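Enquirer: Quick one: sequence plus predicted model below, questions after.
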Amino acid sequence: MDTQTVISISSLLVTACVALLVPLQAFKFALRQEHVRLLREQRVSLYADMLVEAHAEQQWLNWWIASHETSDLPFEDTRLPPLERARLGARGTAVGSAKVNRLFNEVQAVIGRVHMLTLTGHMDRDAALIQLRVEAGRAQDALEAAIRTELRADTPLPSPGPTRLSGRT
């Protein structure tokens, strides 16, 4: 075999490898991009549901505190039933970040923690209510901030830049 034939065969092999590897790498990249897009869409939906439930808990808490002062306050409880709440938690475990899940659970735990202290008599009722409001508000704010940061909701969108018109005006 002469040198020209070896170079031709080598060139053909390199071209064949490139022809196979470039589309494969492009497909892998597109698959990763699609996975990231799908995960982001699922997280946006999940986090919206988490914020709705946390807000419903906050509204219930405000009503519960006020109902101990005046007994005839009307209230429509919009919190999720236990099974739906469990499903929301499971979705959070499957799709949400560890930080957002921890903060969402903290919103729920604040109510139970201070309420138990009041029931067991380890805390004065008025002090417990003040602490409950402060901790619940802090947990809600932390949850909202973590979601906004994770979804980059406060990041400004890139400007499209100047557009060029073809032709004369």
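Expert: Sure thing, it's come through.

Enquirer: Helices of the protein, residue ranges please.
Expert: With DSSP state H as the criterion, the chain has helices at 3-67, 82-95, 98-119, 125-150.

Enquirer: can you tell me which of those comes nearest to residue 160?
Expert: Nearest of those to residue 160, taken as CB to CB: helix 3-67 at 20.6 Å. For the C-beta atoms, the positions are set from N, CA and C on the backbone; glycine is no exception.

Enquirer: Output stretch 49-58 as PDB, restricted to C-alpha atoms.
Expert: Output of stretch 49-58 as PDB, limited to C-alpha atoms (Å, rounded to 0.1, in the frame of the first residue of the first chain):
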ATOM      1  CA  ASP A  49     -48.400  24.600  44.800                       C
ATOM      2  CA  MET A  50     -46.100  24.800  47.900                       C
ATOM      3  CA  LEU A  51     -46.500  28.500  48.100                       C
ATOM      4  CA  VAL A  52     -50.300  28.200  47.900                       C
ATOM      5  CA  GLU A  53     -50.300  25.600  50.700                       C
ATOM      6  CA  ALA A  54     -47.900  27.700  52.800                       C
ATOM      7  CA  HIS A  55     -50.100  30.700  52.300                       C
ATOM      8  CA  ALA A  56     -53.200  28.700  53.200                       C
ATOM      9  CA  GLU A  57     -51.500  27.600  56.400                       C
ATOM     10  CA  GLN A  58     -50.600  31.200  57.200                       C
END
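
Enquirer: Please state the offset of that stretch from the chain centre?
Expert: Taking CA atoms, centre = their mean, to the nearest Å, the mean C-alpha location of stretch 49-58 is offset from the chain mean by 13 Å.
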